[in-house]
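Chemist: Sequence below, structure please.
(2 chains)
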Amino acid sequence: MRRLPAALKLGVALALIAGTALAPPGWTGWFAGVAAVLALAILSSRIPLLFLLKQLLLLSPFVLGVALVNALQPAGRAQWMIVAARSALCLLTVVLVSNTTPLSDILRVLRRARVPALLITTIALMHRYLFVLAEEAERMRRARLSRTFHRGRRLRWQTLATVVGQLFVRASERAERIYDAMCARGWQ
Amino acid sequence: MHIPDGFIDGKTALAAAALSAAGVSVALRQVQRELPPRKTPLLGLTAAFLFAAQMVNFPVAGGTSGHLVGGALAAALLGPSAAVVVVTTVLIVQCFLFADGGVMALGANIFNMAIVNSIGGYAIYRGVCRVLPGIRGQVAAMAFAGWCATVLASISCAGQLALSGTVPWSAAFPAMAGTHMLIGVGEGLISALVFLAILRTRPDMIAGTAEPGQPRRRGELLRYGLLVTLGVAVFVAPFACPWPDGLERVAARLGFEHRTAPSLFPAPAPDYRTPGIHWAVGATAIAGAAGSLIVFALALLLGRLLVPKRAAAISGDLKGL
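Modeler: Now for the predicted structure:
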């Protein structure tokens, strides 16, 4: 599964999601078919089932919330099951694709699909600098913990906000150096 | 409020995707025109920032938790177009890599959280800044804009859910707007605190200080305003309360409602229903969108007619909108 070309995976995933999201509620055959394809994909990708289930549950609060509101409506029971089934199937598809395809491949597909270059660059940079930001935030957190006495909730919120603000300032100062580095390596 | 797949149907997803595509392309063009190339990585960094911020859930009353969107904060820091691009990036990554928000619903999510949230927040931020001077005013503006942005986005979301028939409007609107009024308090608070921290150390970083009177800025705001208006017309207006308005009620009570004569001029879409479309909500949505566009065009025409060209050029630095 990991070795399939990214364009194929994305294309099939898109088709599955479009079909599942738009299929009229009576087409239980379609839902069953999609479930079968997904089961096959899960087996061939060798992702642990527990991990997938955890991901599903993590992303479900909105689903559960709307489903609950619906279930409390008089005619809602059958409808919320369908809605829940649809979202679960689509969720599973995306989780599978994202866990078996590296971001650079996905971006390459997007670029070939003529998504504007600025958007693609921003996505790539965002992904790259998530880790950088995490490191910096961890360093600042440790510094704060070793220097601050906790003097009540209000001060803690204020220091947190200052830390976050400083993080942004530092990050944007770094942005200029990043730009120079990119240009020095031939980016246009 | 990332809408998952299966919650909105084809037509709503398509309409929202069309509006979002228009908005994002306007934003991209604007950013390419305005942003100095040195600042390109800043977009990616801010996106990483917002992404990280969105992972922090804070409790709101009643066992729910809310999380930041950050569109208003990004707009105040980077300007409205850059904020749209940044939040769109975050949403795309969340959708494809983390399945947070459906692929079909991406258009709707971008419209709610990148366009309505950022642009609405920005507009309110600038508006309140004009009324309240100084740093206190700016921070207050940021807090209020953060709250409003969240609530506005949730209303747009509720409209989309109701238009798709997933949840009826009577349940969706109070649930969404209600919870997000609480979540908005958190967003407003956090936005204001972070904004204040940045304002204190590096006030020059706040890009949103360009005067909106400049013709370029004005055109940008115009286009966004039009998009948001269309969005409201399509997603929210169909669910306006169908009860008779004040005059109709009085007429019914006092018994002179039968005096209504047919209008002298045959209207193309009587009572806000487009003829030929038999589905009530859609008819209203299309009539609303068409009406907004017509009114907008007329307003533009009026401005052109009333203000001779030379006078417009001279007073170009006055408050445009």
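Chemist: From here on, just use CA atoms for contacts and neighbour counts.
Modeler: OK.
Chemist: show me where pLDDT drops low in chain A?
Modeler: Within chain A, the ranges that satisfy pLDDT under 70 run A:1-2, A:57-80, A:148-157, A:188.
Chemist: What ranges does it have for its helices?
Modeler: A:6-22, A:28-45, A:49-58, A:61-71, A:76-100, A:103-112, A:117-147, A:153-184 (DSSP state H).
Chemist: Briefly note if the second one comes near chain B.
Modeler: What that stands for is helix A:28-45. No: figure legend: helix A:28-45 not in contact with chain B (CA under 8 Å from any CA of the partner chain); closest approach 12.1 Å.
Chemist: Which positions within that helix qualify as buried?
Modeler: Residues of helix A:28-45 classed as buried by neighbour count (16 or more other CA atoms under 10 Å in any protein chain shown): A:30, A:31, A:34, A:35, A:38, A:41, A:42, A:45.
Chemist: Name the residues that touch stretch B:124-131?
Modeler: Stretch B:124-131 has contacts (CA atoms under 8 Å, 6 or more residues apart in numbering or on different chains) with B:72, B:76, B:137, B:138, B:140, B:141, B:142, B:144, B:145, B:148.
Chemist: possible to save those as JSON lines with secondary structure?
Modeler: Output for the contacts of stretch B:124-131, formatted as JSON lines (DSSP: H, G, I helix; E, B strand; the rest coil):
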{"residue": "B:72", "secondary structure": "helix"}
{"residue": "B:76", "secondary structure": "helix"}
{"residue": "B:137", "secondary structure": "helix"}
{"residue": "B:138", "secondary structure": "helix"}
{"residue": "B:140", "secondary structure": "helix"}
{"residue": "B:141", "secondary structure": "helix"}
{"residue": "B:142", "secondary structure": "helix"}
{"residue": "B:144", "secondary structure": "helix"}
{"residue": "B:145", "secondary structure": "helix"}
{"residue": "B:148", "secondary structure": "helix"}
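Chemist: of all those residues, which comes closest to residue B:99?
Modeler: The closest of the contacts of stretch B:124-131 to residue B:99 turns out to be residue B:72 (CA to CA; 23.7 Å).
Chemist: Could I get the average pLDDT for the lengthiest helix in chain B?
Modeler: Scanning chain B for the longest helix, with DSSP H as the assignment, gives helix B:169-201. Taken as a whole, helix B:169-201 has a mean pLDDT of 82.
Chemist: can you state the direction angle for that helix and helix A:153-184?
Modeler: If you take axes from the mean of the first three to the mean of the last three CA atoms, to 10 degrees, helix B:169-201 sits at 80 degrees to helix A:153-184.
Chemist: Where does pLDDT dip in the stretch 51-200 of chain B?
Modeler: B:56-66.
Chemist: could you pull out the helices for it?
Modeler: Using DSSP state H, counting those that start in this stretch, the helices found in the stretch 51-200 of chain B span residues B:71-78, B:80-98, B:106-109, B:117-131, B:134-163, B:169-201.
Chemist: can you put these in CSV and add mean neighbour count and distance to residue B:8?
Modeler: Below are the helices of the stretch 51-200 of chain B laid out as CSV (neighbours: other CA atoms under 10 Å in any protein chain shown; distance: least, CA to CA, whole Å):
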stretch, mean neighbour count, distance to residue B:8
helix B:71-78, 29, 23
helix B:80-98, 26, 15
helix B:106-109, 28, 9
helix B:117-131, 23, 19
helix B:134-163, 25, 6
helix B:169-201, 21, 13
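Chemist: As a markdown table, these with distance to residue A:14 would be great.
Modeler: Converted to a markdown table, the helices of the stretch 51-200 of chain B look like this (distance: least, CA to CA, whole Å):
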| stretch | distance to residue A:14 |
| --- | --- |
| helix B:71-78 | 27 |
| helix B:80-98 | 11 |
| helix B:106-109 | 12 |
| helix B:117-131 | 27 |
| helix B:134-163 | 21 |
| helix B:169-201 | 28 |
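Chemist: Just give the number of residues close to the residue nearest to residue A:93 when sequence neighbours are not counted.
Modeler: Once flanking residues are discounted, residue A:93 sits nearest to residue A:13: 6.2 Å by CA to CA, 6 or more residues apart in numbering or on different chains. Residues near residue A:13, counting by other CA atoms under 10 Å in any protein chain shown, number 19.
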